[in-house]
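Trainee: Using only what follows, build the 3D model:
(one chain, ligands or ions: 3)
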Amino acid sequence: MTAFPTVFSSKLVHHQLVANYSHLFWVQGSQPDLVPYLLLAHLDVVPASESDGWDAPPFSAKEIDGFIYGRGTIDDKGALMGILQALEYLLMKGYAPRRGFYIALGHDEEARGGKGAVNIARLLKERGVQLSFILDEGLAIVDGVISGLQGPAALIGISEKGWATVKLSATMAPGHSSMPPRETSIGILAAAINRLEENPMPRLFGYGPERQIFEHLAHKFRLPLNFIMSNLWLFSPLLARVLERKPDTNAFVRTTTAVTMFNGGIKENIIPAYAEAFVNLRIHSAQTLQEVLDLIHSTVADQRVKIELIHGFDPLPVSSADERAFGFQIVKKTVLEMFPTVTVAPGVCIGNTDSRHFSDLTRNIYRFAPIWFKPGDPQRFHGINERISKKNYEELVEFYFSLIQNCDIKNVPEAHSSGHEL
Ligand SMILES: CCCCCCCC/C=C\CCCCCCCC(=O)N[C@@H](Cc1ccc(O)cc1)C(=O)O
Ligand SMILES: [Zn+2]
Ligand SMILES: [Zn+2]
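Mentor: Ligands and ions are numbered 1, 2, ... in the order given. Predicted coordinates:
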């Protein structure tokens, strides 16, 4: 092994391959009575093509003006390398953790983690492992991304939205395009899709954990926004109407509906028998998969359109962000030690992560890495010109370096707690 030689040679570290390509590390602690935790990241990336308009080849890691450009720099190689580099440094300087911990690196997160994370979680479950908390990718430090918010905020994901991929299809008689019937499979399906887009899922802002984001950040807004956010019991319907105007904030207001694939027809002069479309919905924490499916049926309201659930799951449970929540408080303490001017708040992850496969091992799952998101950066996520500054990469290493040491505290940090033991 040439990379991370100390990690791979240390007596404290046990490494194993899972499902051929995923990695599980166990770093032994000196105090077995302390409940271990898990740092999670993934190796795989979504595709990228330079022809989409990248300023540098997406797999070159080219440096431009202090930024490393490349697919995966944000999602999720930054955290993955940061964790391993931090462990390498700690072991090099002779650090032996008191609290044992796992590092799991999945290889198929972008394909829902069915092989990597699922098998790692199964393995840990078979061994009877219980975890104090899990830290995975997800939210970030936003700076200038939320309109009106004064100063940067570290958003720690305490839950994530649910998922539904639904296939809609219509089958009608095929025929010659010179004698078209009044309605075709494509037309019927297009009308159904149009009804779904014209009738978004209900506004649920304020009924889920997204409420906590704004309550925590209220004091960082100027009048009248700070007053509005401090009184969401009254103003959440008003705020929802503002947030729904932009796609990234609309995601916090409702279950989103995205038509992602539409197929029908093979030749310009044949009326096709069959047309199909796929819709991907991200389910708000205050709704269930079943409620979303019922709404799709009532909105489409056409017996000729077949509706099939391809894959779905409910929103994830909400992890605690209170003063006794060890994982949340450790992440918060580590962020504040490094970035004292940042406001730390709980948030909801609008995408899904490998961590959801580990729900049986802990109730405390947090989704965060200290990656700085300035205006325009959220669009780099799965988009073009994904990049991280060299300074921010160093901060990632420092963050995990401090976090691992902070986890050796037996109790939740003093400033936030009455000293509950784990
Ligand atoms: C009001 C506050 C505004 C704050 C704006 C924050 C901007 C953050 C920008 C983007 C973050 C969203 C991405 C979160 C991580 C998602 C990881 C991911 O890409 N997952 C995929 C693949 C997947 C993984 C696991 C599954 O079970 C399903 C799918 C995804 O499609 O979600
Ligand atoms: Zn990711
Ligand atoms: Zn991703």
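Trainee: didn't residue 139 look like it was pressed against residue 158?
Mentor: No: using Cβ atoms under 8 Å, residue 139 is not in contact with residue 158, being 9.4 Å away. Glycine gets a C-beta too; all of them are placed from N, C-alpha and C.
Trainee: Secondary structure class of whichever residue of the chain sits closest to ligand 1, three-state.
Mentor: Across the chain, the shortest distance to ligand 1 (Cβ to the nearest ligand atom) belongs to residue 351, at 2.7 Å. Under DSSP: H, G, I helix; E, B strand; the rest coil, the three-state class of residue 351 is coil.
Trainee: check contacts around it.
Mentor: Applying Cβ atoms under 8 Å, 6 or more residues apart in numbering, we find residue 351 in contact with 138, 160, 161, 282.
Trainee: Once you drop chain neighbours, what's closest to residue 399?
Mentor: residue 370 (4.9 Å; Cβ to Cβ, 6 or more residues apart in numbering).
Trainee: Can you verify that neighbour is assigned to a helix?
Mentor: No: under the criterion used here (three-state DSSP), residue 370 is strand, not part of a helix.
Trainee: circling back to that earlier point, let's see if you can find the most crowded of the contacts of residue 351.
Mentor: Counting neighbours by other Cβ atoms under 10 Å, residue 160 leads these with 28 neighbours.
Trainee: tell me which residues form a beta bridge with that one?
Mentor: Counting by DSSP bridges, residue 160 forms beta bridges with residue 349.
Trainee: check contacts around it.
Mentor: 138, 315, 316, 348, 349, 350, 351, 352, 353, 355, 356, 367.
Trainee: which SSE is the residue nearest to the spatial centre of the chain in?
Mentor: In the chain, the centroid-proximal residue (Cα atoms, centre = their mean) is residue 138; its distance is 3.6 Å. Taking DSSP states H and E as the definition, residue 138 sits inside strand 134-142.
Trainee: returning to what we had before: I'd assumed residue 353 was in contact with the residue nearest to the centre of the chain.
Mentor: Yes: with contact defined as Cβ under 8 Å, residue 138 counts as touching residue 353 (5.6 Å).
Trainee: And the pLDDT for the residue of the chain closest to ligand 1?
Mentor: Looking at residue 351, its pLDDT stands at 96.
Trainee: what residues does this protein put near ligand 1?
Mentor: 109-110, 112-113, 137-138, 142, 145-146, 213, 248-249, 252, 349-353, 356, 373, 378, 381 (Cβ under 6 Å from any ligand atom).
Trainee: Hmm, residue 122 and residue 360 touching each other?
Mentor: No: in this structure, residue 360 is not within contact of residue 122 by Cβ under 8 Å, at 9.6 Å.
Trainee: Domain parsing of the chain, as residue ranges.
Mentor: 5-139+350-407, 160-313 (the TED database).
Trainee: Please work out which of those is packed deepest.
Mentor: Mean neighbour count (mean count of other Cβ atoms under 10 Å) peaks for domain 5-139+350-407 among the domains of the chain, with a mean of 19.
Trainee: ok now that one, how far from the chain's centre?
Mentor: 13 Å (Cα atoms, centre = their mean, to the nearest Å).
Trainee: Between the two ends of it, how far is it?
Mentor: Domain 5-139+350-407 has an end-to-end distance of 24 Å (criterion: Cα to Cα, to the nearest Å).
Trainee: Likewise for stretch 280-300?
Mentor: Span of stretch 280-300 from end to end, Cα to Cα: 15 Å.
Trainee: Off-centre distance for that stretch?
Mentor: 20 Å.
Trainee: residues in contact with it?
Mentor: 159, 161-166, 168, 192, 195-196, 199, 201-202, 204, 207-210, 251, 253-258, 260, 279, 307, 309, 312-315, 318, 348, 350-351.
Trainee: if we can go back for a sec, could you dump the contacts of residue 160 to TSV with distance to residue 235?
Mentor: Shown next, in TSV, are the contacts of residue 160 (distance: Cβ to Cβ, whole Å):
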residue	distance to residue 235
138	27
315	24
316	27
348	19
349	24
350	22
351	27
352	30
353	31
355	32
356	32
367	27
